[in-house]
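Participant: this one's sequence-less:
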Ligand SMILES: Nc1ncnc2c1ncn2[C@@H]1O[C@H](COP(=O)(O)OP(=O)(O)O)[C@@H](O)[C@H]1O
Ligand SMILES: [Mg+2]
């Protein structure tokens, strides 16, 4: 009986544990990053995380998965915060989890407001000589392609996690899953992944989707990849 009770308590705790964090079930791999996020979400005090990595490495997916599973979250895009005013949005939403995609695109003004929040747990705003202030305990989870345009004191408040590059096997696995949703069979998906990886030299699975949507047959895959390759070469030459 005691054993049964213990087992049930264990299961209950486990269920509670998973419910209160996030499963990230849509994301293939990235197990270490998932583990850190679960710890941060379950932490009693705020932990701020910045995901750094190249395009297509599932950074935004981490934020949208948290958004999906936590009502107390609020998702913003760095380049967009100024229009509505980040501080104003925070006064209204009061999120526990503030999710910021593409932090490097956030204006200096908003970066400073965010720094103030992370340092003091207070947001404040002065408008026509009137100041309003509010306490807010938020976990800030952000993404960036690079940290060049992020102010140093803000960077130092984050636990920075670099997204490791995918191996060819992981890239193929993601491509197969993505293209299954587009009714592309496994062998065609693998061929597209191989061509995008080797011929286009791309590590972004969005390119896999582009090729799949443009090509109606196996022959066309070769043609589309050749065309995209040509375009990439011209773009690179123009940048020199
Ligand atoms: N680990 C992964 N698991 C599942 N899908 C992935 C993964 N990495 C990339 N993808 C696919 O690539 C797309 C781009 O991912 P995204 O999170 O927007 O990348 P980032 O924000 O790093 O540029 C996603 O919509 C998804 O379809
Ligand atoms: Mg993104």
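Facilitator: Received, thanks. It should be emphasised that the depicted structure is a prediction, and the values quoted were computed from it without experimental measurement. Residues are numbered from 1 along each chain as shown. Ligands and ions are numbered 1, 2, ... in the order given.

Participant: What parts of the protein come near ligand 1?
Facilitator: With CB under 6 Å from any ligand atom as the criterion, the chain comes near ligand 1 at residues 27-30, 53, 55-61, 143, 174, 178, 205-206. C-beta coordinates here come from the backbone N, C-alpha and C atoms, glycine included.

Participant: if you look at those residues, which of them are in helices?
Facilitator: The members of those that map onto helices under DSSP state H are 59-61, 174, 178, 206.

Participant: re the thing from before, and the residues of the chain next to ligand 1, which of them are buried?
Facilitator: 27-28, 30, 53, 56-61, 143, 174, 178, 205 (16 or more other CB atoms under 10 Å).

Participant: which of the residues you listed lies closest to residue 75?
Facilitator: The nearest member of those to residue 75, counting by CB to CB, is residue 60 at 9.5 Å.

Participant: Spit out the contact partners of the closest one.
Facilitator: Contacts for residue 60 were tallied using CB atoms under 8 Å, 6 or more residues apart in numbering; they are 101, 143.

Participant: What residues sit buried inside stretch 72-90?
Facilitator: Quick answer for stretch 72-90 (16+ other CB under 10 Å): 73-78, 81, 85-87, 89-90.

Participant: ends of that stretch, how far apart?
Facilitator: Stretch 72-90 has an end-to-end distance of 12 Å (CA to CA, to the nearest Å).

Participant: Next: stretch 151-171.
Facilitator: Across stretch 151-171, first to last residue, CA to CA, it's 33 Å.

Participant: What are the contacting residues of that stretch?
Facilitator: 28-30, 33, 36, 40, 47-54, 57-59, 108, 111-112, 114-115, 118-119, 140, 142, 147, 174, 193, 197, 203, 205.

Participant: Just the strands from the chain, written as ranges.
Facilitator: 49-52, 73-77, 97-101, 122-127, 130-135, 139-144, 159-162 (DSSP state E).

Participant: okay if I get these as TSV plus mean pLDDT?
Facilitator: What follows is the strands of the chain, written out as TSV (pLDDT from 0 to 100):
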stretch	mean pLDDT
strand 49-52	98
strand 73-77	95
strand 97-101	97
strand 122-127	86
strand 130-135	90
strand 139-144	98
strand 159-162	98
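
Participant: Now distance to residue 168 too, for the ones you listed, in CSV please.
Facilitator: Formatted as CSV, the strands of the chain follow (distance: least, CB to CB, whole Å):
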stretch, distance to residue 168
strand 49-52, 22
strand 73-77, 31
strand 97-101, 27
strand 122-127, 45
strand 130-135, 49
strand 139-144, 24
strand 159-162, 19
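
Participant: any idea how far the closest residue to residue 28 other than its chain neighbours lies from residue 123?
Facilitator: The shortest distance from residue 28 to any non-neighbouring residue, by CB to CB, 6 or more residues apart in numbering, is to residue 174 (5.3 Å). Between residue 174 and residue 123 the distance, using CB to CB, to the nearest Å, works out to 38 Å.
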